[in-house]
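S.K.: No sequence on hand, only this structure:
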């Protein structure tokens, strides 16, 4: 899974260090654990690292996230404020419905308009509103409409995205569950849900090939017929799957039959979107 980008202010780091000292042996662990529920409710507490936790280093403060929380955490900002209502941590998550943040672009960059798929150029100093930051890509509201900024241009928004390492084709022990896990890091640019839980993946099969490794074949759809973002999500899925150990070839096909509808969404997706 891609490591999420988390920003922590100096005030928040000092508050964490002070809280750890005050808690002493009662801290419960050496690291700060951040959990984000499907409804984007946040909890911060000290804990020890579990085997499946994702560790994020924030200038000396290690933040642990379980995989579901990590998938919702890209672009989070953590601050500590002392105001008239008391002191406490303030956490801004652009992925939470209504949790939007205005950013001034640090350089020119390319973006893809949603849902047409048309490429546009955004300019240095232009103001955009960050509406979603999941799976390494960013959805922003611009003066010409909603657009997606890809991971290589994250620095234009002031973010640094760590790219997942890729093993040589066919290397390692193959597991189809690892393919599914990678597909869960691909997100619809308008909905904060991955393509698996959204029900966009219709088929996922693997077949051994004579030269070694596996050929993975994916059939996936979009939420609306003719959506121009199909090629973008198709390439996202292909690149993520290609990084899975044991995968030598990847074929991702966009299909429109049967048409997607909300009945294909997982229970977790329905809960996250407030449909349950």
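M.R.: Right, received. Where do you want to start? In this text, all values refer to a predicted model and were calculated from it rather than measured experimentally. Residues are numbered from 1 along each chain as shown.
S.K.: Run a quick neighbour tally on the closest residue to residue 227 other than its chain neighbours.
M.R.: Distances taken as CB to CB, 6 or more residues apart in numbering place residue 115 nearest to residue 227, at 5.0 Å, with adjacent residues excluded. Every C-beta, even on glycine, is put in place using the N, C-alpha and C of the backbone. For residue 115, the neighbour count with other CB atoms under 10 Å is 19.
S.K.: need the contact list for residue 115.
M.R.: Contact partners of residue 115, counting by CB atoms under 8 Å, 6 or more residues apart in numbering, are 190, 224, 227-229.
S.K.: repeat for residue 187
M.R.: If you count contacts by CB under 8 Å, 6+ apart, residue 187 has them with 132, 134-135, 137, 193-195.
S.K.: what about 7 Å?
M.R.: Contact analysis of residue 187 by CB atoms under 7 Å, 6 or more residues apart in numbering lists 134-135, 193-194.
S.K.: Quick check: PyMOL command selecting the buried ones in the residues you listed.
M.R.: A single PyMOL command selects the buried members of these (16 or more other CB atoms under 10 Å):
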select buried, resi 134+135+193+194
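S.K.: List just the nearest of the contacts of residue 187 to residue 205.
M.R.: Taking CB to CB as the measure, residue 194 is the one of the contacts of residue 187 closest to residue 205, at 19.2 Å.
S.K.: What residues are bridge-paired with that closest one?
M.R.: residue 187 (DSSP bridges).
S.K.: Do I have it right that it meets residue 181?
M.R.: No. Counting by CB atoms under 7 Å, residue 194 stays clear of residue 181, with 10.1 Å between them.
S.K.: mind listing the helices for the protein?
M.R.: 10-23, 67-70, 176-183, 230-242, 267-272 (DSSP state H).
S.K.: Mind listing what's buried along stretch 229-243?
M.R.: 229-230, 232-234, 236-237, 239-243.
S.K.: I'd like those as a markdown table, with pLDDT and distance to residue 7 appended.
M.R.: Output for these, formatted as a markdown table (pLDDT from 0 to 100; distance: CB to CB, whole Å):
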| residue | pLDDT | distance to residue 7 |
| --- | --- | --- |
| 229 | 91 | 27 |
| 230 | 91 | 32 |
| 232 | 92 | 26 |
| 233 | 94 | 27 |
| 234 | 94 | 31 |
| 236 | 93 | 24 |
| 237 | 95 | 28 |
| 239 | 93 | 25 |
| 240 | 92 | 24 |
| 241 | 95 | 29 |
| 242 | 93 | 30 |
| 243 | 90 | 26 |
